[in-house]
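In: Mind looking at a prediction? Sequence and model below.
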Amino acid sequence: MKQVRVVHPEKCSGCILCCLVCSFFQSSEKKFQPSKSFIRPYRKDKTNRFDVEILPDCVHCGACVAYCEYGVLEKS
Amino acid sequence: MDIQGGYTGKILRVDLTRKTSEIESLSLDLVRNFRGGAGINAALAYKELEKFGDPLSPENKMIFGLGPLVGTIVPGAGKGNLTTRSPHRKFIGISGHGLFGMLKFAGFDHLVISGQAETPTLLKIEDNRVSFLDADTLWSLDVFDTTDRVWERLGDRFHVTCIGPAGENLVRDSSMITNKYATFARTGTGAVMGSKNLKALAIHGSGGIAVADKNRFLKAVKKAYQILRADPNLLNWRKYGTLISIEIFSQLGLYASKNYQSAFHEDLLDRFPVDEFVDTLKKADLACQACPVGCKHHLNFDSIGEPGSGLAVSCMNSVMQAFGNFCLVNGWKEAVRCAETAARMGLDFVSVGSLISFVFELYDRGLLKDKDTGGQPLRWGDGKVIRDLTRKIALREGLGEVLADGIEHAVKTLGPETAPYAMHSKGLGILYDPRVRLESTEIFSQFTNVRGYVSNVSISMVERTPDQIRRYCSRIGLSPDAIDRIVSSDGYNVGKLNKWTEDVTSVLEILGICMFPPYQRLSLDLWAEIYSAATGIETSRKDLIAAAENMWNVRRAYNLREGASHLDDICPERFFKEPISVGSRRLEPLDKSRFLELVRSYYEERGWDPETGKPPFEKLVGLGILG
């Protein structure tokens, strides 16, 4: 099965589109709700740079990859 | 009308005096007439801010609003609006940025902060829990250090909006800054926050936003992404941000210099090589919430500031304009140093650049002496002097005290002989020279806009043929009669066109979308479809334009109630008296009677009295604003 991977975390712009789309498609409520997302950008050292983590509950649907315009994610 | 998505349907009201908060339902009348965000904020400001109130008193309110699309995946849906009573002339203060969307996840479309805390306060909003925390140890810290301390205390999941020393000291050109870079700039928002003893606002939300019709919504959003991705300029917007037009603007001579005594031409590109910025200074792209464009920048600041430090900048054009063009700082590094000082102090770049270029010219003309400057010669382009003066404005020291209450107050202090050199509109420093291109709605609207200059960038910033303007008007849905009113065979009426470019960008402002050109490329019909699908409120392009018109009527009525008149919609006399050279081109002063005729045209197109600019009484009654 193809897996979603974080290939270029340094390119994360902090737009949170990945979190928004993940929560919408994966939650039963069908809401845009970053707190329920299985992918999370984390702020690095109090700057506006980010690390990105995929949580264990991710089902690797690839929706986040489709909406990331910055080349951070890949499904392979 | 039944709201099924998009909105949270709630307004959070916080009273800093009583340390109380309450949640109220969003009125359907407000939604019907103004739709959301900046539109509803204008109505709340008109209804709730007392006539002739003191902007820096507890009675003033900070009214935040997020449009119905904020919180979703709609591209560009991150725009937050702040409306308040501005310390500049007490007119309506309007500002916005793309990083305030966390409020929506906390469960609120709007946040209204009133009163005045007894002691310095950190207001914490976590979902529907509101806490009034002590901020004694934060007071006097700069914006970056304040944000760091709040993140250390509460966790960096919070979005932190704070003021620096400038806001604390009620400096009229101070800003509120979110997460160290996204700025509620202009119209003295920082001073309003400071007057409330509110040092910082920390918001985190764990809630979500639903949409009314999932499939219809996703289909419309998919189309929006397809259009954006096909934009040949998309990656250039990301790469250069607001510097995207530096070459063409330089060629046109749009970059004024030395307080509008001269203009840069292509020589500016040698002083500020845009590829050098991208190659050596820019470290990474940065985006507002839900933005696939990403026009902000994270800078490699190691070679400029402290090793390991980072600096994020929203608008590099304003950095270059304020410090490079206005004050003659040469090159990116020194301009960025000046911007860092202003950001830390919590001052807005363009206003500071305007104030400093004003006093530099006064010094050149002998209207300011060394005794007035603390013995410091004011030399154009001297970054150290500019940074020092920036700090002094924030701290109200020396000459900074004279400038701290804004350019109009400075003229009162320094004497009427300095007035001809105060280049502002309604107390706000302007950004572009109307002698060079009055045909631009962005440049023209600097003088008719209710707050003064606003970044109402649109199609006419560069030269356009009448046919191109016709096509634009047709695309936004104007009738053939309306188009004929605006465009003739040999040109167009910028006053009339301005009404429509304002309305188009205001639709975005109301929905909670970034107003920059990539988003203007999406049709109003598509925005209406997205809005309808998200909210369940069937809405047409015409309905959205009507909401924008309603917002402008109310904003105008607000200012008129405060004593504004058509006499405030004028540009500085220098532009009517002095020519300017751009390269080898000599541009004559503006014809005042023509300028005033264009202002009348603007009023007329808005449906206002062409002489006074007054909206019809019945329009305001119909909105529940009067009567």
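Out: Ah, there it is.
In: Just give the nearest non-adjacent residue to the residue of the stretch 451-600 of chain B at minimum distance from chain A, would you?
Out: For the stretch 451-600 of chain B and chain A, the shortest gap (Cβ to the nearest Cβ) falls at residue B:534, measuring 10.1 Å. (Each C-beta comes from the backbone N, C-alpha and C, glycine too.) Excluding the flanking residues, the one nearest residue B:534 by Cβ to Cβ, 6 or more residues apart in numbering or on different chains is residue B:6, at 4.0 Å.
In: Tell me who's in contact with residue B:450.
Out: B:91-92, B:94, B:426, B:552, B:555-556, B:558-559, B:564 (Cβ atoms under 8 Å, 6 or more residues apart in numbering or on different chains).
In: Just give the nearest non-adjacent residue to it, would you?
Out: Closest to residue B:450 by Cβ to Cβ, 6+ apart is residue B:555, at 4.5 Å.
In: hang on, the earlier thing: and the residue nearest to residue B:534, how far is that from residue B:77?
Out: Separation of residue B:6 from residue B:77 (Cβ to Cβ, to the nearest Å): 10 Å.
In: re the thing from before, so the residue nearest to residue B:534 sits against residue B:209, correct?
Out: Yes: contact criterion Cβ atoms under 8 Å: residue B:6 and residue B:209 qualify, at 6.9 Å.
In: Need the overlap of contacts for these two.
Out: residue B:72.
In: hmm, back to that, quick one: the residue of the stretch 451-600 of chain B closest to chain A is in a strand?
Out: No: going by DSSP: H, G, I helix; E, B strand; the rest coil, the assignment for residue B:534 is helix, not a strand.
In: Backbone dihedrals for the closest residue to residue B:462 other than its chain neighbours, please?
Out: If the residues on either side of it in the chain are set aside, residue B:462 comes closest to residue B:248, at 5.7 Å by Cβ to Cβ, 6+ apart. With angles defined as degrees, to the nearest 10, residue B:248 sits at phi -70, psi -40.
In: now swap in residue B:113 and tell me
Out: Main-chain dihedrals, residue B:113, degrees, to the nearest 10: phi -110, psi 120.
In: if I pick it, what's in contact with it?
Out: With contact set as Cβ under 8 Å, 6+ apart, residue B:113 has these partners: B:14, B:16, B:61-62, B:64, B:123, B:196, B:198, B:201.
In: which one of these sits closest to residue B:439?
Out: Checking the contacts of residue B:113 against residue B:439 with Cβ to Cβ, the nearest one is residue B:64 at 35.0 Å.
In: Check which helix or strand the closest residue in space to that closest one that isn't next to it in sequence maps to.
Out: Computed as Cβ to Cβ, 6+ apart, the closest residue to residue B:64 that is not its neighbour in sequence is residue B:111, at 4.3 Å. Taking DSSP states H and E as the definition, one finds residue B:111 inside strand B:110-114.
In: That strand: partners in the sheet, and parallel or antiparallel?
Out: Neighbouring strands of strand B:110-114 in its sheet, by DSSP bridges, are strand B:10-15 (parallel), strand B:62-66 (antiparallel).
In: chain center to the helix or strand that that strand is followed by, what's the gap?
Out: Note on strand B:110-114: by DSSP H and E, the next helix or strand toward the C-terminus is strand B:121-126. Centre-to-centre, strand B:121-126 and its host chain are 24 Å apart (Cα atoms, centre = their mean, to the nearest Å).
In: ditto for stretch B:580-593
Out: Remark: stretch B:580-593 is offset 28 Å from the chain centroid, using Cα atoms, centre = their mean.
In: Also stretch A:38-46?
Out: Remark: stretch A:38-46 is offset 10 Å from the chain centroid, using Cα atoms, centre = their mean.
In: And stretch B:333-344, by the same measure?
Out: 19 Å.
In: what comes up buried for that stretch?
Out: Across stretch B:333-344, burial judged by 16 or more other Cβ atoms under 10 Å in any protein chain shown covers B:333-344.
In: before we move on, the earlier item: of residue B:6 and residue B:209, give the one with the bigger neighbour count.
Out: The neighbour comparison of residue B:6 against residue B:209 (other Cβ atoms under 10 Å in any protein chain shown) goes to residue B:6, with 34 against 27.
In: residues in contact with the residue lying closest to residue A:13 once chain neighbours are set aside?
Out: Computed as Cβ to Cβ, 6+ apart, the closest residue to residue A:13 that is not its neighbour in sequence is residue B:287, at 3.7 Å. Applying Cβ under 8 Å, 6+ apart, we find residue B:287 in contact with A:13-15, A:70, B:98, B:293-296.
In: now swap in residue B:214 and tell me
Out: Taking Cβ under 8 Å, 6+ apart as the criterion, residue B:214 is in contact with residue A:30.
In: try 10 Å
Out: Residue B:214 makes contact with A:24, A:30, B:5, B:533-534, according to Cβ atoms under 10 Å, 6 or more residues apart in numbering or on different chains.
In: So which of those wins on neighbours?
Out: Neighbour tally across these (other Cβ under 10 Å): the maximum, 30 neighbours, falls on residue B:534.
In: so residue B:343 makes contact with residue B:144?
Out: Yes: the criterion here is Cβ atoms under 10 Å, and residue B:343 meets it with residue B:144 at 7.5 Å.
In: Identify the contacts common to these two.
Out: Shared contacts of residue B:343 and residue B:144, defined by Cβ under 10 Å, 6+ apart, are found at B:164, B:177, B:180-181, B:311.
In: what does chain A put close to chain B?
Out: Proximity of chain A to chain B, by Cβ under 10 Å from any Cβ of the partner chain, involves residues A:10-21, A:23-25, A:27, A:29-36, A:40, A:42-50, A:63, A:66-70.
In: Pick out the residue nearest the middle of chain B.
Out: residue B:95 (4.4 Å; Cα atoms, centre = their mean).
In: so how far is chain A from the nearest residue to it once chain neighbours are set aside?
Out: Counting by Cβ to Cβ, 6+ apart, residue B:95 lies nearest to residue B:184, which is 4.1 Å off, once chain neighbours are set aside. Separation of residue B:184 from chain A (Cβ to the nearest Cβ, to the nearest Å): 17 Å.
In: check contacts around residue B:184.
Out: By Cβ under 10 Å, 6+ apart, the contact set of residue B:184 is B:62, B:64, B:80-82, B:84, B:93-97, B:100, B:161, B:163, B:175-178, B:190, B:192-193, B:348.
In: Recalculate using a threshold of 8 Å.
Out: Here residue B:184 is in contact with B:82, B:95-97, B:161, B:175-178, B:190 (Cβ under 8 Å, 6+ apart).
In: Ok, residue B:261 next?
Out: Residue B:261 touches B:361, B:578, B:580, counting by Cβ under 8 Å, 6+ apart.
In: Can you tell me which of those residues is closest to residue B:545?
Out: Nearest member of these to residue B:545, counting by Cβ to Cβ, is residue B:580, at 36.3 Å.
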